[in-house]
Every structure is written in structure tokens, then in C-alpha cells.
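**Q** Generate coordinates for the sequence data below:
(one chain, ligands or ions: 1)
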Amino acid sequence: MRERLEELRDEALAKVATAEDVKALQEVRVAYLGKKGPITEVLRGMGKLSAEERPIIGQMANDVRDAIKVEIEAKETKLEEAAVEKQLATESIDVTLPGRPVSRGSRHPLTAVIEEVEDIFLGLGFTVEEGPEVETDYYNFEALNLPKDHPARDMQDTFYFTEELLLRTQTSPVQARTMEKYKGQGPVKIICPGKVFRRDDDDATHSHQFMQIEGLLVDHHVRMSDLKGVLETFAKRFFGEDRQIRLRPSFFPFTEPSVEVDVSCGICGGKGCRICKQTGWIEVLGAGMVHPRVLEMSGFDPKVYSGFAFGMGVERLAMLKYDIDDIRHFYTNDVRFLAQFKRV
Ligand code: PHE
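**A** Numbers count the residues shown, from 1 in each chain. Predicted coordinates:
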């Protein structure tokens, strides 16, 4: 029996040593240590042994069982560790791989232009005002010297909610609103960016909704040359130092005199080309000296105060600065268009 047990032990240990996976070990365990295994069988035959031999063989059988168990467990741990090692080796993360770029959006070109214009005017001592897009007939027209039935209203037909309430056709109503707030006390130095609306047929250069930036300066002894100086400074800062401006007589009911302001063409440098229609100049805004009636209606004494105002189209500024050929690009949200302004 002694030999039989030793034989079984050596056999089992050899199988443990060559077992390649946990499953093979499990088989060894069942085969040698299970209830129907050979060791149990040896123990069953112990009845035939003498009383002296019985405890010795019993002890030996237990030792063999323990030895096999210990070996199986040790091998099991080894196999598990090897499995983890292997997994670590194959699943390792290569930290030197370049990261995947996060696709970031960009500011809308119109927002970028408004912020740039704001920066320029803040630098000149102006502050930024806001006004409502749904405006009253009074502020949009009457306070700007356009009484009811005035023919100049035809230039800016709009969307009415009621006879007295409409979508503003211009940012100029903010002139009147701001002057009222200042209660006849200058100086007033503001700009106001915002959306405006007109009943218009949409095409490459027209939209029923667009954006303007209004400017208003009211103080003692404000002259036309101040207007020209401010606009020239703006044009050079916004478009480039090489640009000139020119003023052409025009008409707005709320300014007198009124002008259209052109900037020299950046494509041909003023020589004349297709973009400027061979004139060398591109129109960018309307302006003028605030009409005395407008000052008066908003609580400023025209004998004490004078001022200038201007209104520019934001889309127009953006189109000229970035060579955009169709105003509709601004509103269709095509990312191929928008992505071009990432660095602006
Ligand atoms: N509000 C005018 C327009 O929309 C522009 C303008 C503003 C003209 C201020 C003069 C002074 O056409």
C-alpha cells in the first residue's frame, strides 16, 4: 500500500507539473482527490491492515493528499498570474499614440465682426448699448423725425404686429432710447449692435433680417470733422491702415446733413475693379449730424448740444473683410463655411 500511495503521489504531481491550464488542474484534482479517486480506494482497503500499520498508512494517505492539494494550488496561482501577465502584455496602452483631436466649433463670423467693431469703439471711449428687436412705431420712426405718413418710411417697409408695434427696421431707435435715458445730459458716446428686419426680397446681397451697428455721439461742439475722424480711424483699424474713406451727400430724416460713407476698395487699392464696380470705392455705412429735431424730441437742447450718428451693416463689413460673395452663407449654417473662421 505504501508503494501504491507513493506511485499515486508521483503520478499526480507529474500531471500537475505538466498541466497547461486551470481546466487540466481541475481534472487532476477530480481524478486523484475525488470521492471515487484511487486514494479513497486505498483508504477503503485499510480494514485489511494490522492495527500497527493502519495509522501509519492513514497518515501517509493524508500526507499524499495534502501534497497533491498544495501542488495543485501553487500551480493554479502560477497559471492565474501568467494569464494576467499575458493580458497585460497584449492589452497595454500605448501612451505615445497621438490623441484624437476634439472637433471644436468657432465663433460665427458675424459675432467675430461685432466683437472686433466693439473693441475698436471701446478703445475710442464708446460704450455698448442694447435695444429691443420688437419696437414701437414711435421709437423706430416718429422719434427719428419720420412722422406717420412720411414718404421716407417707404424706404424701410417692415413687419408689423399692430399699427404701433413692429420689428425694428434699423438700430437707430436705440439713439432715441439712449438719449432719453441720459435726460438731456451729455456726453453720449454709444454703439449698439443688433438684428434689424425689412420687407425685402432675399438675394446675394439682401436679406429680410440682417445686423447693424449703430453709433451715436452727442456732446458740446461736435462737428462733421469729428464724425469723419472717428469713421476714418474705424476704417483703418478694421480694414487696414492703407484704407481711405470718402463721404457722399445723402438723405436720412434723422440726420442733417446726411452722408453715405465709402471705403477705398481693398481688392484693387482704389484703381477700379469688378468688386467695386470700377469706382475704386465701396459703400459701407450711412451717417450724418443728428437732426436738431431728433435731439429735441429726446430731451437734448439743440442750442447746447450737437452730435453725429452712423449705422453700418455687419454682413456688409464681414463680406468686405473676408471676401464673402453671398449674404446667405451667414444664415445657412454650413460648417464648411463656418469652419473657415476658426482663426478669426
Ligand atoms: N439707420 C440708417 C439705415 O438703416 C443708417 C443710419 C444710421 C444713417 C445713423 C444715419 C445715421 O439706413
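**Q** where does the protein come near the ligand, residue by residue?
**A** The chain comes close to the ligand at residues 170, 172, 252, 255, 286, 287, 288, 309, 310, 311, as judged by Cβ under 6 Å from any ligand atom. Bear in mind the C-beta positions are built from the backbone N, C-alpha and C, glycine included.
**Q** Tell me which entries of those residues lie within strands.
**A** 252, 255, 286, 287, 288, 309, 310, 311 (DSSP state E).
**Q** Pull out the buried residues from these.
**A** 252, 255, 286, 287, 288, 309, 310, 311 (16 or more other Cβ atoms under 10 Å).
**Q** Quick check: the gap between residue 156 and residue 189.
**A** 26 Å (Cβ to Cβ, to the nearest Å).
**Q** Strand partners (parallel or antiparallel) of the one helix or strand residue 248 maps to?
**A** Residue 248 is part of strand 245-252, with elements assigned from DSSP states H and E. Counting by DSSP bridges, the strands paired with strand 245-252 are strand 255-264 (antiparallel).
**Q** got the buried residues for stretch 129-141?
**A** 129, 131, 135, 136, 137, 139, 140, 141.
**Q** Can I get those in a markdown table including secondary structure, distance to residue 197 and pLDDT?
**A** Converted to a markdown table, the buried residues of stretch 129-141 look like this (DSSP: H, G, I helix; E, B strand; the rest coil; distance: Cβ to Cβ, whole Å; pLDDT from 0 to 100):
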| residue | secondary structure | distance to residue 197 | pLDDT |
| --- | --- | --- | --- |
| 129 | coil | 19 | 96 |
| 131 | coil | 13 | 97 |
| 135 | strand | 10 | 97 |
| 136 | strand | 14 | 97 |
| 137 | helix | 14 | 95 |
| 139 | helix | 14 | 97 |
| 140 | helix | 10 | 96 |
| 141 | coil | 14 | 95 |
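**Q** got these as TSV, with distance to residue 247 columns?
**A** Listed next are the buried residues of stretch 129-141 as TSV, based on distance: Cβ to Cβ, whole Å:
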residue	distance to residue 247
129	25
131	26
135	28
136	32
137	31
139	27
140	26
141	25
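**Q** quick one, what contacts residue 249?
**A** Contact analysis of residue 249 by Cβ atoms under 8 Å, 6 or more residues apart in numbering lists 257, 258, 259.
**Q** if you skip the residues just before and after it, what's nearest to the last one?
**A** With Cβ to Cβ, 6 or more residues apart in numbering as the criterion, residue 259 has its nearest non-adjacent residue at 4.2 Å, and that residue is residue 247.
**Q** ok, now the second one?
**A** Counting by Cβ to Cβ, 6+ apart, residue 288 is the residue found nearest to residue 258 once chain neighbours are left out, at 3.7 Å.
**Q** in the sheet, who's paired with that neighbour?
**A** With DSSP bridges as the rule, residue 288 is bridged to residue 258, residue 309.
**Q** quick one: it from residue 180, how far?
**A** Here the criterion is Cβ to Cβ. By it, residue 288 lies 20 Å from residue 180.
**Q** next one: residue 334
**A** Counting by Cβ to Cβ, the gap from residue 334 to residue 180 is 42 Å.
**Q** For those two, indicate the residue with more neighbours.
**A** residue 180 (15 against 10; other Cβ atoms under 10 Å).
**Q** Looks to me like the more buried one is in a helix.
**A** Yes. Residue 180: assigned to a helix according to DSSP: H, G, I helix; E, B strand; the rest coil.
**Q** what comes up buried for stretch 285-296?
**A** Those would be 285, 286, 287, 288, 289, 290, 291, 292, 294, 295, for stretch 285-296 by 16+ other Cβ under 10 Å.
**Q** sorry, back to before: out of the residues of the chain next to the ligand, the closest to residue 99 would be?
**A** residue 311 (47.0 Å; Cβ to Cβ).
**Q** What ranges does the chain have for its helices?
**A** Using DSSP state H, the helices found in the chain span residues 2-18, 22-33, 38-44, 53-90, 109-123, 137-140, 173-182, 224-239, 292-297, 314-322, 335-338.
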